[in-house]
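A.B. asks: need coordinates for the following:
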Amino acid sequence: MKYQPVIGMEVHVELNTTSKMFCGCSAEFFGIAPNTNVCPTCLGMPGTLPVINKRAVEYTIMTGLALNCTIQPQNVFARKNYFYPDLPKGYQISQYELPLCLDGYVDIDPDSSGNTKRIRVRRAHLEEDTGKLTHVNNHSLVDLNRAGVPLLEIVTEADISSADEAYAYVSKLRQLVRYLGVSTGDMEKGAMRCEVNLSLTDPETGEWGTKVEIKNLNSFRSVRNSIEYEIERQTKVLEAGGKIDQVTMGWDEGRQVTVLQRVKEGDTGYRYFPEPDLPPLDLDPAWIEAIKANLPELPDAKTTRYTQDFELTLKEAQVLVEDKAVAEFYDRVVAEAKGTKAVTPKLISNWITGELFRLLSETGTDISEVKTQPKQIVDLIKLVTANTINQSAAKKVFGVMFETGRDPQAIVKELGLQQISDADQLIEIAQKVIADNPDPVEQFKNGKETVINFLVGQIMRATRGKANPKLAEQVLRDTLKN
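C.D. replies: Purely as a prediction, here's the structure:
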């Protein structure tokens with residue numbers, strides 16, 4: 001690639017508070033009848049005064065700590081002035097010079113190789129959201145249910161160098177806010193919205209090109225595809241001797257292209273000044289420390305624990321950690337198996353990411369709805385490691401457990417799946433298999449070792465899968481020697 005992409009991102013996260021940022025209206029807006037969760041304050045009526053939502057401040061501090069930011073005890077809300085139909089007051093209450101969170105970072109692993117890259121977070125600040133415009137024919141309709149909902153804006157330095165890194169970064173952000181419980185992170189519902197600032201640098205001169213902003217990114221796929229397209233578009237312009245203008249582009253999902261929206265205005269166009277209706281926000285350092293002490297175990301720490309304490313591979317750990325509910329379920333099963341040498345964290349991981357994931361996918365079930373209890377999974381693995389049932393039978397039992405929530409021991413007894421682990425019981429069956437398959441037996445005796453698998457399969461078929469496969473092979477070999 002002749003030109004090196006230089007990318008910074010602004011991500012807006014809707015916070016999961018009950019009420020809006022500066023009034024008592026419900027913060028619900030998705031799927032709600034238009035303009036129902038509104039009041040004089042969030043409608044910007046004259047004479048109304050804002051009151052800060054303490055929970056939104058707490059959620060912002062939590063996220064800032066998870067992003068390794070410095071939390072500023074003294075910060076100020078500001079008015080960001082601009083005129084647009086979805087902004088009822090004619091300004092947005094935001095933060096500018098003194099935000100809540102400064103100078104953090106996120107470590108990403110784009111290819112799951114363990115080679116991480118650090119993306120610096122310049123700031124994370126709290127503000128109120130705007131309303132939503134819907135364009136119908138020649139009319140624009142405004143819904144102000146979303147106006148005033150607490151919104152966390154997270155701004156990176158220009159440390160991202162590719163579409164894959166941008167994808168990994170926003171995925172990591174969503175994972176963090178979900179672990180913290182501060183937001184759903186659902187892009188399709190507008191709970192997380194991304195903007196990209198992209199320019200191209202000529203490696204020969206080291207000079208940064210003109211920055212272009214990309215908006216209307218409503219999925220992680222759109223983030224990746226829009227960046228790839230814009231890199232290609234700007235490269236073609238520069239190679240043709242053209243010039244990149246500082247503009248705001250939108251992303252057309254249908255055509256998979258960026259489209260010009262408007263010429264970009266700088267921050268000075270917003271005429272920021274301190275919000276006169278809100279005093280400076282002075283936070284008690286003891287409160288910040290209490291919030292820090294109560295943070296949950298975050299994905300990176302959990303991944304490290306799984307690889308070091310449980311001896312999982314990095315990939316195995318990342319699969320489990322991806323979803324907080326899955327990781328918590330795994331931890332409960334491991335805790336249930338504590339002290340049982342035969343049931344290792346590795347075996348538990350294999351069953352959860354194998355059979356459990358398969359059944360969740362096939363049935364469209366969320367892990368929170370799983371009927372199977374951690375103790376039952378431990379008991380099932382014990383039955384396998386004790387050679388009471390074989391792996392094939394265990395999968396059948398797991399399926400019934402998943403569907404009914406019943407104990408594995410009862411299912412094994414009811415279905416008659418107990419493994420035959422007595423050599424004397426298998427000798428007669430092995431003799432019949434040898435007698436019925438003279439050609440394969442002759443091939444084996446002539447040195448074709450792989451034929452033993454076929455003969456073991458015949459024993460498994462004769463016993464309806466109940467034979468211990470290892471024992472069946474040993475009985476066959478011993479019988480063939482005689």
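A.B. asks: switch to C-alpha atoms for all contacts and neighbour counts from now on
C.D. replies: Fine.
A.B. asks: now the closest residue to Leu320 other than its chain neighbours, what's its secondary structure?
C.D. replies: Taking CA to CA, 6 or more residues apart in numbering as the measure, Leu320 lies nearest to Ala327, with 5.3 Å between them; neighbours along the chain are not counted. Secondary structure, DSSP: H, G, I helix; E, B strand; the rest coil: Ala327 is helix.
A.B. asks: burial count for Ala327?
C.D. replies: By the criterion of other CA atoms under 10 Å, Ala327 has 20 neighbours.
A.B. asks: any idea how far it is from Thr388?
C.D. replies: When distances are taken as CA to CA, to the nearest Å, Ala327 and Thr388 turn out to be 29 Å apart.
A.B. asks: repeat for Val237
C.D. replies: Using CA to CA, one obtains 69 Å as the distance from Val237 to Thr388.
A.B. asks: who has more neighbours, these two?
C.D. replies: Thr388 (20 against 12).
A.B. asks: tell me which element the residue nearest to the spatial centre of the chain falls in.
C.D. replies: Central residue of the chain (CA atoms, centre = their mean): Gln175, 4.1 Å from the mean position. Secondary structure assigned from DSSP states H and E places Gln175 in helix 163-180.
A.B. asks: now do that helix: which elements does it pack against?
C.D. replies: In terms of contacts (3 or more CA pairs under 8 Å, 6 or more residues apart in numbering; DSSP states H and E), helix 163-180 is packed against helix 54-66, strand 101-108, helix 220-239, helix 299-309.
A.B. asks: check the offset of the shortest one from the chain's centre.
C.D. replies: Offset of strand 101-108 from its chain centre (CA atoms, centre = their mean, to the nearest Å): 18 Å.
A.B. asks: between strand 101-108 and the helix or strand just after that strand, find me the angle.
C.D. replies: Helices and strands here follow DSSP H and E; after strand 101-108, the next one along the chain is strand 117-128. Going by axes from the mean of the first three to the mean of the last three CA atoms, to 10 degrees, strand 117-128 is angled at 140 degrees with respect to strand 101-108.
A.B. asks: what residues does the very next helix or strand once past strand 117-128 touch?
C.D. replies: Sequence order places strand 132-136 as the next helix or strand after strand 117-128, per DSSP H and E. Here strand 132-136 makes contact (CA atoms under 8 Å, 6 or more residues apart in numbering) with Pro85, Asp86, Ser140, Leu141, Val142, Asp143, Leu144, Arg146, Ala147.
A.B. asks: what of stretch 311-323?
C.D. replies: With CA under 8 Å, 6+ apart, stretch 311-323 has contacts from 112-114, 175, 299, 302-303, 306-307, 326-327, 330, 345-346, 349, 353.
A.B. asks: what subset of those residues is buried?
C.D. replies: With burial judged by 16 or more other CA atoms under 10 Å, the buried subset of the contacts of stretch 311-323 is Gln175, Pro299, Lys302, Thr303, Tyr306, Thr307, Val326, Ala327, Tyr330, Pro345, Ser349.
A.B. asks: and the residue nearest to Leu320, what pLDDT?
C.D. replies: Looking at Ala327, its pLDDT reads 98.
A.B. asks: cool, and the one 3 residues further on?
C.D. replies: pLDDT, Tyr330: 98.
A.B. asks: from memory it sits against Ile352, does it?
C.D. replies: Yes - using CA atoms under 8 Å, Tyr330 is in contact with Ile352, at 7.4 Å.
A.B. asks: so how far is Asn482 from Ala467?
C.D. replies: To Asn482, Ala467 is 21 Å away according to CA to CA.
A.B. asks: with Asp103 instead?
C.D. replies: Asp103 sits 76 Å away from Asn482, going by CA to CA.
A.B. asks: more crowded one of the two?
C.D. replies: For the pair Asp103 and Asn482, the greater number of neighbours falls to Asp103 (18 against 5), based on other CA under 10 Å.
A.B. asks: that one touches His125, doesn't it?
C.D. replies: No - counting by CA under 8 Å, Asp103 stays clear of His125, with 11.7 Å between them.
A.B. asks: now for the helix or strand hosting Ala286, which elements pack on it?
C.D. replies: Secondary-structure assignment from DSSP H and E places Ala286 in helix 285-293. The elements that helix 285-293 packs onto, with contact taken as 3+ CA pairs under 8 Å, 6+ apart, are helix 54-66.
A.B. asks: contact partners of the helix it packs on?
C.D. replies: Contact partners of helix 54-66, identified using CA under 8 Å, 6+ apart, comprise 15, 17, 21, 70-71, 100-102, 104, 124-126, 150, 152, 176-177, 180, 182, 288, 291-292, 295, 298.
A.B. asks: C-terminal to that helix, what's the next element?
C.D. replies: Counting by DSSP H and E, the element after helix 54-66 in chain order, helix or strand, is strand 70-71.
A.B. asks: pLDDT on the helix holding Ala286, on average?
C.D. replies: Mean per-residue pLDDT for helix 285-293: 97.
A.B. asks: buried residues, that helix. List them.
C.D. replies: Neighbour-count burial for helix 285-293, counted by 16+ other CA under 10 Å, picks out Ile288.
A.B. asks: turn the buried ones among the contacts of stretch 311-323 into a markdown table, including distance to Lys445.
C.D. replies: Compiled in a markdown table, the buried ones among the contacts of stretch 311-323 are given as follows (distance: CA to CA, whole Å):
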| residue | distance to Lys445 |
| --- | --- |
| Gln175 | 57 |
| Pro299 | 55 |
| Lys302 | 52 |
| Thr303 | 50 |
| Tyr306 | 47 |
| Thr307 | 45 |
| Val326 | 50 |
| Ala327 | 50 |
| Tyr330 | 47 |
| Pro345 | 41 |
| Ser349 | 40 |
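A.B. asks: and which of those residues is nearest to Asp282?
C.D. replies: Gln175 (29.6 Å; CA to CA).
A.B. asks: list the contacts for that closest one?
C.D. replies: Residues touching Gln175, when contacts are defined by CA under 8 Å, 6+ apart, comprise Gly185, Pro299, Glu322, Asp323.
A.B. asks: so what pLDDT did the third one get?
C.D. replies: Read it as Glu322. At Glu322, the model reports a pLDDT of 95.
A.B. asks: can you check the second one too?
C.D. replies: As summarised for this prediction, Pro299 has a pLDDT of 96.
A.B. asks: listing request: residues of this protein with sub-threshold pLDDT.
C.D. replies: Counting by pLDDT under 70, the chain shows low-confidence ranges at 1, 264-268.
A.B. asks: just the buried residues out of the contacts of helix 54-66, in PyMOL syntax.
C.D. replies: Selecting the buried subset of those in PyMOL, with 16+ other CA under 10 Å as the burial test, is done by:
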select buried, resi 15+17+21+70+71+100+101+102+104+124+125+126+150+152+176+177+180+182+288+298
